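J.: no sequence for this one, just the structure:
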Ligand code: SF4
């Protein structure tokens with residue numbers, strides 16, 4: 001028996017991007033564990049990925065190509081050969097492309113975060129065809145845009161520094177479920193005497209372990225940040241020197257927040273005025289003492305109408321008090337732009353012909369439900385005729401799910417799905433192709449939570465007839481007659497181009513070395529904006545943004561109310577009085593892992609957390625089945641009567657596969673396709689519902 005240990009990387013949509021060690025015995029992976037030497041992973045994986053062996057060898061793994069033999073959505077397939085599958089796909093795509101390649105659409109997201117199996121060969125393929133572009137907005141684009149208007153790029157406090165902070169505000173995030181290794185740093189900071197505060201409408205696992213939990217109403221985070229700025233300026237908790245040298249638009253900001261008194265703020269946020277006063281004072285006085293104040297900002301708060309502005313407002317706070325001066329101060333939304341990525345080389349937009357480049361079309365993945373049902377028109381262009389889905393599960397994850405399912409049910413739509421399992425989306429495929437998991441292919445990763453370039457080596461051979469995404473698109477490219485040299489590149493050759501070795505940050509990046517060591521930290525200053533140097537147009541932290549003005553937005557921090565709330569739509573709230581959010585369940589990661597028995601067993605079944613007051617007036621008791629509904633749809637869940645959900649709000653932990661629910665539905669039945677103020681993102685947490693006994 002031969003036993004080896006392979007260096008790998010967790011590929012999932014999680015900021016931790018853990019370094020994994022895979023034990024392989026005689027070609028079989030027997031254990032996946034965290035690398036004890038990786039400073040962020042520190043030897044621990046989350047519960048989900050600790051079960052990676054169970055997931056990889058799951059009895060339901062797709063192991064051969066298949067062709068649909070039942071109705072769309074029915075999930076009936078017959079095995080076919082790779083040759084037959086590739087011939088069918090290439091013939092169909094050629095026919096469509098001959099007429100108008102914009103009728104072809106890729107649909108992908110973060111099923112893997114790797115550059116190689118994500119958007120390398122796949123995008124080369126779609127660029128060469130001249131397909132429609134996918135606007136990848138479903139998770140983070142509102143916050144990303146809001147942050148960039150203010151700070152210039154997604155660069156922030158190094159996760160490893162948080163343990164040295166004196167005050168940590170966890171804003172719109174539940175790290176115990178979705179940023180575990182950051183939580184480990186928080187625990188360390190707590191042991192050293194730091195104060196930890198959670199801002200979240202829901203008393204999550206994280207919120208209940210913090211010193212204070214501020215349970216504001218969903219979609220009101222921007223208002224809270226304005227109120228905090230009001231107090232900081234009113235009481236002069238300011239680093240005047242930092243503001244003078246490294247920020248832009250302070251006077252306009254001061255004028256803007258003048259009316260945002262704690263009373264006004266508290267009324268909008270559904271909290272007490274003293275909560276605003278005390279938080280601002282704690283933040284301000286801690287910073288004025290020269291101690292590090294840090295904010296871990298995540299994407300929860302940007303899933304509402306004004307989500308981009310909310311992130312922008314919060315991103316203004318550190319500059320006011322000079323928090324950026326210290327390595328452990330500032331704010332971290334994402335470390336994604338710290339990496340010198342070479343997407344041009346990976347994705348090769350230059351493969352588009354001149355006419356294709358002039359005639360591009362962007363389809364928003366968050367409105368796929370409506371867009372799949374649009375006919376040809378001058379305004380929209382050609383109706384979508386083919387969708388190739390990889391690294392995503394739109395039927396379960398995209399908003400207004402029943403509309404998405406109607407779109408994918410179109411008989412004249414040709415759908416190809418690359419998958420590990422027969423997901424809700426796979427049920428609608430015409431051709432279903434078996435893809436490899438992270439243990440079976442090569443990849444290279446950046447991350448959005450720490451500062452390490454990460455390598456993934458294949459630990460085992462592909463199971464059954466499964467193939468890496470790259471190989472599937474390589475074979476399709478050959479079938480389509482694409483002979484550009486880039487379609488012959490190996491996965492190693494692609495990985496070697498991911499980062500720019502000439503860039504100071506990734507100095508000496510070399511794929512062959514990275515494969516051996518598994519990870520390498522970027523060269524970044526400890527405190528990235530201690531001396532300003534913001535990557536904005538002005539080089540400063542922009543309280544006033546000329547770019548926003550040019551883009552038709554309010555150039556100053558503002559509050560944009562939710563589309564649906566008691567305050568903004570009182571008539572709608574008469575019918576649907578409860579705000580609903582659907583944050584991640586601890587044992588699932590988007591829809592990945594829902595079919596892993598041990599994890600689904602722990603989650604149990606779809607639950608709706610409802611406050612005892614809201615339950616009582618509806619005569620709902622703990623454990624009984626309830627129906628949540630609005631104009632877009634309805635779903636059945638088991639009620640959990642708990643004060644973890646604040647009065648007036650219900651929580652449906654997500655994202656369940658629809659096929660595992662008793663009524664075949666999940667929380668996205670109720671979400672809408674309306675988009676955020678900036679970044680064209682989904683508004684998953686901007687939803688009103690009514691709840692009744694089932
Ligand atoms: S999901 Fe996140 S915490 Fe879990 S192993 Fe992957 S990167 Fe680490």
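T.: Received the coordinates, thanks. Source: prediction; values computed, not measured.
J.: In space, not sequence, find me the middle residue of this structure.
T.: The residue lying closest to the centre of the chain (Cα atoms, centre = their mean) is residue 139, at 3.9 Å.
J.: Hmm, residue 113 and that residue touching each other?
T.: No. The criterion here is Cβ atoms under 8 Å, and residue 139 misses it with residue 113 at 11.3 Å. For the C-beta atoms, the positions are set from N, CA and C on the backbone; glycine is no exception.
J.: Give the intersection of the neighbour lists for these two.
T.: Residues touching both residue 139 and residue 113 by Cβ atoms under 8 Å, 6 or more residues apart in numbering: residue 13.
J.: Tell me who's in contact with the residue nearest to the centre of the chain.
T.: By Cβ under 8 Å, 6+ apart, residue 139 lies in contact with 13, 109, 110, 299, 681, 682.
J.: separation between residue 500 and the ligand?
T.: According to Cβ to the nearest ligand atom, to the nearest Å, residue 500 and the ligand sit 24 Å apart.
J.: Give me the pLDDT for residue 73.
T.: We have a pLDDT of 97 for residue 73.
J.: That one belongs to a helix?
T.: No. Applying DSSP: H, G, I helix; E, B strand; the rest coil, one finds residue 73 to be coil, outside a helix.
J.: Show the pLDDT at residue 507.
T.: We have a pLDDT of 86 for residue 507.
J.: For it, give me phi and psi.
T.: Dihedral pair for residue 507: phi -50, psi 130, per degrees, to the nearest 10.
J.: Not counting sequence-adjacent ones, nearest residue to it?
T.: Residue nearest to residue 507 in three dimensions, not counting chain neighbours: residue 523, with 5.6 Å by Cβ to Cβ, 6 or more residues apart in numbering.
J.: what's around that neighbour, how many residues?
T.: Burial of residue 523 is recorded as 12 neighbouring residues (other Cβ atoms under 10 Å).
J.: That one touches residue 509, doesn't it?
T.: No. When contacts are counted by Cβ under 8 Å, residue 523 is not listed as touching residue 509 (10.4 Å).
J.: quick revisit: who wins for neighbours among the contacts of residue 139?
T.: residue 682 (31 neighbours).
J.: Can you name the residues bridging to that one?
T.: On the basis of DSSP bridges, residue 682 is bridged to residue 675.
J.: isn't there a helix covering residue 691?
T.: No. Residue 691 is assigned strand when assessed by three-state DSSP, not a helix.
J.: hmm, back to that, distance check, the residue nearest to the centre of the chain against the ligand.
T.: Using Cβ to the nearest ligand atom, residue 139 is found at 15 Å from the ligand.
J.: Kindly report the same for residue 480.
T.: Residue 480 is 35 Å from the ligand, where distance means Cβ to the nearest ligand atom.
J.: ditto for residue 495
T.: To the ligand, residue 495 is 19 Å away according to Cβ to the nearest ligand atom.
J.: residues from the chain in reach of the ligand?
T.: Contacts of the chain with the ligand, taken as Cβ under 6 Å from any ligand atom, map to 10, 12, 14, 16, 17, 18, 45, 46, 48, 49, 180, 589.
J.: give me the element the closest residue to the fourth one other than its chain neighbours is part of.
T.: Spatial nearest neighbour of residue 16, excluding adjacent residues (Cβ to Cβ, 6+ apart): residue 181 at 4.5 Å. In this structure, residue 181 sits in helix 180-191 according to DSSP states H and E.
J.: tell me which residues in that helix are buried?
T.: Buried residues in helix 180-191, counted by 16 or more other Cβ atoms under 10 Å: 180, 181, 182, 183, 184, 185, 186, 189, 190.
J.: What of stretch 493-510?
T.: Result for stretch 493-510 [16+ other Cβ under 10 Å]: buried residues 494, 495, 496, 497, 498, 499, 500, 505, 506, 509.
J.: if we can go back for a sec, quick one, grab the pLDDT at the residue nearest to residue 507.
T.: According to the prediction, residue 523 has pLDDT 96.
J.: Tell me who's in contact with it.
T.: Residues counted as contacts of residue 523 (Cβ under 8 Å, 6+ apart) are 504, 505, 506, 507.
J.: distance of it from residue 506?
T.: Applying Cβ to Cβ, to the nearest Å, the value for residue 523 to residue 506 is 8 Å.
J.: I'd guessed residue 547 sits against residue 538; true?
T.: No. Under the criterion of Cβ under 8 Å, residue 547 makes no contact with residue 538, lying 9.6 Å away.
J.: May I ask which two of the contacts of residue 523 are separated the most?
T.: Pairwise distances across those (Cβ to Cβ) peak at 8.0 Å, for the pair 504 and 506.
J.: Scan the chain for its longest helix.
T.: If you go by DSSP state H, the chain has its longest helix at helix 82-99.
J.: coming back round to it: quick one: secondary structure of the residue nearest to the centre of the chain?
T.: Applying three-state DSSP: residue 139 is coil.
J.: How about the backbone phi and psi for it?
T.: phi -120, psi -50.
J.: residues in contact with the residue nearest to residue 423 when sequence neighbours are not counted?
T.: Closest residue to residue 423 apart from its sequence neighbours, by Cβ to Cβ, 6+ apart: residue 393 at 4.7 Å. By Cβ under 8 Å, 6+ apart, the contact list for residue 393 reads 111, 423, 424, 425, 590, 591, 657.
J.: out of those residues, which are buried?
T.: Burial by neighbour count, judged by 16+ other Cβ under 10 Å, picks out 111, 423, 424, 425, 590, 591, 657 from the contacts of residue 393.
J.: Who's the closest spatial neighbour of the fourth one, skipping the chain neighbours?
T.: Taking Cβ to Cβ, 6+ apart as the measure, residue 425 lies nearest to residue 395, with 4.3 Å between them; neighbours along the chain are not counted.
J.: gap between that neighbour and the ligand?
T.: Going from residue 395 to the ligand by Cβ to the nearest ligand atom gives 23 Å.
J.: re earlier: just name the closest of the contacts of residue 393 to residue 518, please.
T.: Proximity of these to residue 518 was ranked by Cβ to Cβ; the top entry is residue 111 with 22.0 Å.
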